[in-house]
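> Test case, fold it:
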Amino acid sequence: MGQDSLSDMSVLDSQIREAYGRVVYSHKTHEKCADECLYWQRIIKNVQIWLSAITSGVLIYAIWGDTKEATIFGAVLSTIFAIVTAYTKDYDFGTIAEKHRETAIEIWAIRESYLSLIADIQIGDLPLEVVRQKRDQLVVDLKAVYKGCPATDAKGYAAAQKALKECEDMTFSQEELNKLLPPALRKPDLKTSPALPPK
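Now for the predicted structure:
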């Protein structure tokens, strides 16, 4: 490989690493958005259960006790319950969470393809044109995923950023990796080993 080709490959490698970093963040953001949706789904379900139980109790008391205050209170609770039910019908957190999960799985596959491509570039046995073709195909695959995925938000991105930077969700020590690998594949001679190439 000539000097110009090495220089071109270096430029491609930098571009692919940046794209890889964005894909890592996108994958983790969709995971965090799914978690957030499931959290709100649990909250709303619990609110519905409590509203239903209290409303029923108040209305039964109103019938037997024949009090105007209990009847009014029961009517207010029934209205709140109806509003909450109507909101969840139009905005189903469970369905949205599932879409985020499905998107994260699809992006995970593309993330791993980017990682494999970076490894292949490091080995140095791929022609420049092959690297370009693989890169372009990954862009097409990613576009297809993003086209039908639910929107993420700033809270999900912040949670992803914290998980990746502070909690190091994508990094393992050599000791941790050794526990996950069979003895024949372990590397006791290295103290630490990043799960991912540097960005």
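
> can you pull the pLDDT of I83?
Looking at I83, its pLDDT is 74.

> The one 4 residues further on now?
For Y87, the model assigns a pLDDT of 68.

> The most centrally placed residue in the chain and C37, how far apart?
Closest to where the C-alpha atoms of the chain average out (Cα atoms, centre = their mean) is E31, at 1.7 Å. To C37, E31 is 11 Å away according to Cβ to Cβ, to the nearest Å. (Glycine included, C-beta is placed from N, CA and C.)

> and if you look at I110?
22 Å.

> coming back round to it: my guess is the residue nearest to the centre of the chain meets H100, correct?
Yes. Assessed by Cβ atoms under 8 Å, E31 is found in contact with H100 at 7.3 Å.

> What segments of the protein are helices?
Secondary structure of the chain by DSSP state H: the helices cover 3-65, 68-90, 93-123, 128-147, 154-165, 174-180.

> Make TSV from the ones you listed and add distance to K187 to it.
Formatted as TSV, these follow (distance: least, Cβ to Cβ, whole Å):
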stretch	distance to K187
helix 3-65	23
helix 68-90	51
helix 93-123	16
helix 128-147	27
helix 154-165	24
helix 174-180	6
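
> rewinding a little: show me the contacts for the residue nearest to the centre of the chain.
100-101, 104, 160 (Cβ atoms under 8 Å, 6 or more residues apart in numbering).

> Same check on T103?
Going by Cβ under 8 Å, 6+ apart, the list of residues near T103 reads 30, 145, 149-150.

> now it: how far from G94?
Distance, T103 to G94, using Cβ to Cβ: 15 Å.

> How about S78?
Relative to G94, and taking Cβ to Cβ, S78 is found at 24 Å.

> Could you do H27 as well?
21 Å.

> same thing with K134?
To G94, K134 is 37 Å away according to Cβ to Cβ.

> returning to that earlier point: which neighbours do E31 and C37 have in common?
When contacts are counted by Cβ under 8 Å, 6+ apart, E31 and C37 are jointly contacted by H100.
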